[in-house]
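Trainee: Using only what follows, build the 3D model:
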Amino acid sequence: MKKYVSLFLAFVLYATGSFAQLKPVKYKDGNQVLNGFSIQQSKKSPQKPGILILPAWMGIDKLSKDTAENLSKLGYYAFVADIYGEGNYPKDYKEAGKNAGYYKTNFVDYQKRISLALEQLILSGANPDNIVVIGYCFGGTGALEAARGKLNVKGVVSFHGGLGFDAKRTIIPLTPKVLVCHGADDPYESKEEIEAFQQEMRDTKADWQMIYYANAVHSFTNPESGTDNSKGAAYNEIAAKRSWEHLKLFLNEVLKK
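Mentor: The predicted structure is shown next:
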């Protein structure tokens, strides 16, 4: 009997839009097949705000999917982007580094893949003028590229992302608001890169903020990263919770609901 009651309640929740399910979405960049994930609002909002999620260097993972589901519960449409595409998913860190390195160097290609994912987010129902891009690690670099590429987004958020910027690139004003959530002990971002990024923000007249989290290294939001800071990448529960709250504050400020 309890089983049938549970099933009935689940049906009622689904029918009333009280929760949403993550759905695979196949789309393309030319002949390259891409496989993302979409989820609609669980908590309905008339302004239909959308969040595009850019995964870390290994591609779509549990963290990016969980983030999409949690954002749905807060009233956002969400889409998890596939940057690499079928046949190009890395099997190990060496391949991930090579793949991510390509897009960091060929940033126009990265911006295009982000733009294609934004189209899918809009097709799912999100308001095209009410969107934020967030990203983790390699995806954090992508979030910044969404701003640098003048994509139509209200804001961008980088979690322990790469901040590097080629000094030869043209400096243009940045319209989207920028939030960077950074581990205070992250060994993969040099003092020079951080200073160059902050100078870029000043030069582009950006509305930006950068928050440091104590005792946090790279990948501090990902529970699958272990807890050994000496490895350079590790989960930090306190930093993860704090950065999530900072994300929510940012979204409440930037997006209409």
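Trainee: tell me the contacts of the residue nearest to residue 21 when sequence neighbours are not counted?
Mentor: Spatial nearest neighbour of residue 21, chain neighbours left out: residue 39 (6.9 Å); criterion: CB to CB, 6 or more residues apart in numbering. C-betas here are computed from N, CA, C, even on glycine. Contacts for residue 39 were tallied using CB atoms under 8 Å, 6 or more residues apart in numbering; they are 20, 21, 22, 23, 68, 69, 71, 72, 77, 78, 79, 124.
Trainee: Just the pLDDT at the last one, thanks.
Mentor: Just to be clear, that refers to residue 124. Note on residue 124: pLDDT of 97.
Trainee: tell me which element the residue nearest to it when sequence neighbours are not counted falls in.
Mentor: Leaving aside its chain neighbours, residue 124 sits nearest to residue 38 (4.6 Å; criterion: CB to CB, 6+ apart). Using DSSP states H and E, the element containing residue 38 is strand 32-39.
Trainee: was I right about residue 207 contacting residue 177?
Mentor: Yes - between residue 207 and residue 177 there is a contact at 4.7 Å, judged by CB atoms under 8 Å.
Trainee: Show me which of these two is the more surrounded one.
Mentor: residue 177 (19 against 13; other CB atoms under 10 Å).
Trainee: lowest-confidence helix or strand of the protein?
Mentor: helix 2-15 (a mean of 44; mean pLDDT, DSSP states H and E).
Trainee: Which positions in the next helix or strand after it come out as buried?
Mentor: Downstream of helix 2-15, the next assigned helix or strand under DSSP H and E is strand 23-29. Burial within strand 23-29, assessed by neighbour count using 16 or more other CB atoms under 10 Å, is assigned to 25, 27, 29.
Trainee: before we move on, the earlier item: residues in contact with the residue nearest to residue 124?
Mentor: Going by CB under 8 Å, 6+ apart, residue 38 touches 22, 23, 25, 77, 78, 79, 80, 120, 121, 124.
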